[in-house]
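1. Got a predicted structure here, sequence first:
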Amino acid sequence: MSLIEWNKALYSVQIEEFDKHHQMLLEFINDLHSAMLQGKGKEVLSKILFELKEYTQYHFSAEEEQMIKANFPGYAEHKKQHTDLIGQLDLLIKDFESGDRKVSVETFKFLKEWLFNHIQVTDKKYTPYLKK
């Protein structure tokens, strides 16, 4: 069983494309958690970090494109948060590459924080604009 199950009431932004993206992000969290429980966090972390960065850039680009089209008034702040999140991810990758042993725990905390705050609070602000 996964640590975090998709809960439409909690996580849905009511935009099917982005809900699917967010479900994929949940999978990254669950994969990392599972590996950590098996003592393999460090072994799978490289793959997860690089896939996560690639996927988040794809996801953020899609969100930002739709926010621009919808004239979402919170676009600039939302884009800044995306930039900051990618920056945090870059730091985790750098720490991992330098041999930091705490990276899997830090990555796990980062992903959970992102899910529970960014998606549930920040992303839901664009829903009324993108659904028009």
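-> Ah, there it is. Treat the numbers as computed from the prediction; the structure is a model and nothing was measured. Numbers count the residues shown, from 1 in each chain.

2. Next, the contact list for residue 57, please.
-> For residue 57, the contacting residues are residue 86, by Cβ atoms under 8 Å, 6 or more residues apart in numbering. Where C-beta positions appear, they are placed from N, C-alpha and C, glycine not excepted.

3. what's the spacing between it and residue 40?
-> 26 Å (Cβ to Cβ, to the nearest Å).

4. cool, residue 129 as well?
-> Here residue 129 is placed at a distance of 42 Å from residue 40 (Cβ to Cβ).

5. State the three-state secondary structure for the closest residue to residue 123 other than its chain neighbours.
-> Residue nearest to residue 123 in three dimensions, not counting chain neighbours: residue 13, with 5.0 Å by Cβ to Cβ, 6 or more residues apart in numbering. Under DSSP: H, G, I helix; E, B strand; the rest coil, residue 13 falls in the coil class.

6. pLDDT at residue 13, what is it?
-> Per-residue confidence (pLDDT) for residue 13: 95.

7. can you pull the contacts of it?
-> Applying Cβ under 8 Å, 6+ apart, the residues near residue 13 are 19, 22, 119, 123-124, 126-127.

8. which of these count as buried?
-> 19, 22, 119, 123, 126 (16 or more other Cβ atoms under 10 Å).
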